[in-house]
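Student: Requesting a structural model of the entry that follows:
(one chain, ligands or ions: 2)
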Amino acid sequence: MCAKYKKGFGYKTINQRLPVILTKVIDQVARDKNDIGKKLGAGALEEVKDVIGELAKLKNEMVTNKSIQRTGSAVWNEYLANVAKKSFNGIEECVRWYVAPWLFVECYMYHRMNEAFRTSTFLKTYDPFRGQKEEAFFESVEPACVLGEFVLGSKNGPELLKTLLEVSLWGNRCDLSISQGESNAQDGNLVDQLVPLREKILANDSQQVWEVLEKVRKSSSSPRRIGYILDNSSFELFTDLCLANALLESGLVDNVDFYVKAQPWFISDVLVQDFHWLLDTMASLTDKPVLVQLATKWKENVQTGRFSVVEHEFWTYPHAFFEMKDSEPALYHELGSKAFLIFKGDLNYRKLIFDTNWDFETPFPKSLLGFSPAPLVALRTLKADCVSGLPAGVGEKLSEINHDWMNTGEYGLIQLSE
Ligand SMILES: O=P(O)(O)OC[C@H]1O[C@](O)(CO)[C@@H](O)[C@@H]1O
Ligand SMILES: [Mn+2]
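Tutor: Ligands and ions are numbered 1, 2, ... in the order given. Got it, this is the predicted structure:
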């Protein structure tokens, strides 16, 4: 899929969404300029100007449909060469913003943005999205308290697990990329919304997920460790922690390894510091005892290693996941050592199914193209126009009602591949 078809979501993304997102990054850096200068001195101030120049250049390349440029990253250059080889007779110059695969181009924008920061001296670890992520959590403190009370007051077992799979799924509606950085917090009590939302789950394997996890619980291999490939910070991360908490406390698994991005990504994606920020912030909200209680528990899990946070550059590469086995065999092997994997969100889903226009009814495991390090579940609200594994007729019916149904975040999936 690429951005050349004006009716597709790819076109809208390259033509409207990404320029807005990048402009906001430039504005943010410009706003932070004086602070950075005051804190770090004149050298830093000069550098901020250079970074803004780089970002403006990037925006110009995007809106004028220039060729995708090589960068300082061998991995990205090799991927670009392969895209050229596969679709453009090897001519890299022909790989332009509107004709290159959409997934590649969208990731490339964030890669180039990060390169501008990372190659600087003073702004190496600057995260232009930090403020938005933090604000998003403060906007969802009330729904988080309600959910926290629910989690603490519930009995472990299949019902709670299935409920929390849905909670974590709908947490994925709160990403800041779909809203181009505008506030997109959880609205109201999510637990109460679950029943009416259920009809929006187009494929729901939560019972089978429970059965697979029961097998994990009974298995002799110890410790029973799962990998949780996270997506967004703030309320979504809170829902993920609630699910992980239930997995531990029900005795289904012993350890949860959370995989996070190593660079600011798609605005709201979790970085290591976002993970710890959330726990520290919850612990500091003394007028919200339920959040303090959960933070204490989860910090203890981090200290004892029952929770761990792992960053890996692969999650900010352009590769589809079926390519991981060859391009990042060590990570594939590492995921293969887990008893179960949870993949969150739209971008991870697109990478799982190679961002391909599958027939709606193609079985989900088949659309993973051989990616199968361990049994896995995808929890994803649909925010891009690709999907697989739908029951007969469902996709066709929804297309008749609203041609944009795959891009709105209104529908969800809980899909298992054993
Ligand atoms: O945070 P998520 O669920 O991966 O969504 C990321 C965003 O990227 C996209 O996949 C592509 O732009 C959107 O559809 C979505 O807004
Ligand atoms: Mn995201």
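Student: May I see the buried residues of stretch 92-109?
Tutor: 92, 95-109 (16 or more other Cβ atoms under 10 Å). In short, each C-beta sits where N, CA and C put it, glycine included.
Student: If we check ligand 1, which of those residues are in contact?
Tutor: When Cβ under 6 Å from any ligand atom is taken as the criterion, the members of the buried residues of stretch 92-109 that contact ligand 1 are residue 106.
Student: ok, the buried residues of stretch 92-109 vs residue 399, which is closest?
Tutor: The shortest separation between residue 399 and any of the buried residues of stretch 92-109 is 19.4 Å, and it belongs to residue 102 (by Cβ to Cβ).
Student: contacting residues around that closest one?
Tutor: By Cβ atoms under 8 Å, 6 or more residues apart in numbering, residue 102 lies in contact with 1-3, 8, 10, 13-14, 355.
Student: same check, this time on residue 28
Tutor: By Cβ under 8 Å, 6+ apart, the contact set of residue 28 is 128, 131.
Student: just residue 112 next, same as before
Tutor: With contact taken as Cβ under 8 Å, 6+ apart, residue 112 is in contact with 58, 69, 71.
Student: Going through the residues you listed, which ones are buried?
Tutor: In the contacts of residue 112, the ones that pass as buried (16+ other Cβ under 10 Å) are 58, 71.
Student: What is the nearest of the contacts of residue 112 to ligand 1?
Tutor: residue 58 (16.9 Å; Cβ to the nearest ligand atom).
Student: Can you say which helix or strand has that closest one in it?
Tutor: Residue 58 belongs to helix 42-63 when elements are defined using DSSP states H and E.
Student: Show me what that helix is packed up against.
Tutor: Packed against helix 42-63 by the contact rule (3 or more Cβ pairs under 8 Å, 6 or more residues apart in numbering; DSSP states H and E) you find helix 18-40, helix 102-118.
Student: Could you look over those and pick the most buried one?
Tutor: The highest mean neighbour count among the helices and strands packed on helix 42-63 belongs to helix 102-118 (a mean of 22), with neighbours defined as mean count of other Cβ atoms under 10 Å.
Student: any idea of the angle that one forms with helix 18-40?
Tutor: 10 degrees (axes from the mean of the first three to the mean of the last three Cα atoms, to 10 degrees).
Student: what's the angle from helix 102-118 to helix 42-63?
Tutor: Compare the direction of helix 102-118 with that of helix 42-63 by the same axes, to 10 degrees and you get 160 degrees.
Student: So which residues make contact with the helix or strand following helix 102-118?
Tutor: Where DSSP H and E defines the elements, the next helix or strand beyond helix 102-118 is helix 130-139. By Cβ under 8 Å, 6+ apart, the residues outside helix 130-139 that reach it are 28, 144, 174, 176, 181, 183-185, 233-235, 238, 264, 267-268, 274, 277-278, 281.
Student: Helix 130-139 near ligand 2 anywhere?
Tutor: No: if you take Cβ under 5 Å from the ion as the test, helix 130-139 misses ligand 2, and the best it gets is 10.6 Å.
Student: Give me the buried stretch members for that helix, please.
Tutor: Neighbour-count burial for helix 130-139, with 16+ other Cβ under 10 Å as criterion, is recorded at 130, 132-134, 136-137, 139.
Student: nearest to ligand 2, of these?
Tutor: Nearest to ligand 2 among these: residue 133, at 10.6 Å, using Cβ to the ion.
Student: Could you pull up the residues touching the closest residue to residue 286 other than its chain neighbours?
Tutor: Counting by Cβ to Cβ, 6 or more residues apart in numbering, the nearest residue to residue 286 once its immediate chain neighbours are dropped is residue 292, at 6.3 Å. Residue 292 makes contacts with 282-283, 285-286, as judged by Cβ under 8 Å, 6+ apart.
Student: go on, residue 226?
Tutor: For residue 226, the residues meeting the contact criterion (Cβ under 8 Å, 6+ apart) are 216, 247, 253, 255-257, 338-342.
Student: Could you do residue 7 as well?
Tutor: For residue 7, the contact set (Cβ under 8 Å, 6+ apart) comprises residue 403.
Student: and it, which of the three is it?
Tutor: Taking DSSP: H, G, I helix; E, B strand; the rest coil as the rule, one finds residue 7 in the coil state.
Student: Can you give me the distance of it to ligand 1?
Tutor: From residue 7 across to ligand 1, the span is 16 Å (Cβ to the nearest ligand atom, to the nearest Å).
Student: likewise residue 189?
Tutor: Distance, residue 189 to ligand 1, by Cβ to the nearest ligand atom: 22 Å.
Student: and if you look at residue 158?
Tutor: 26 Å.
Student: So stretch 166-174, near ligand 2 or not?
Tutor: No: remark: stretch 166-174 sits outside contact range of ligand 2, by Cβ under 5 Å from the ion, the gap being at least 8.1 Å.
Student: All set, thanks.
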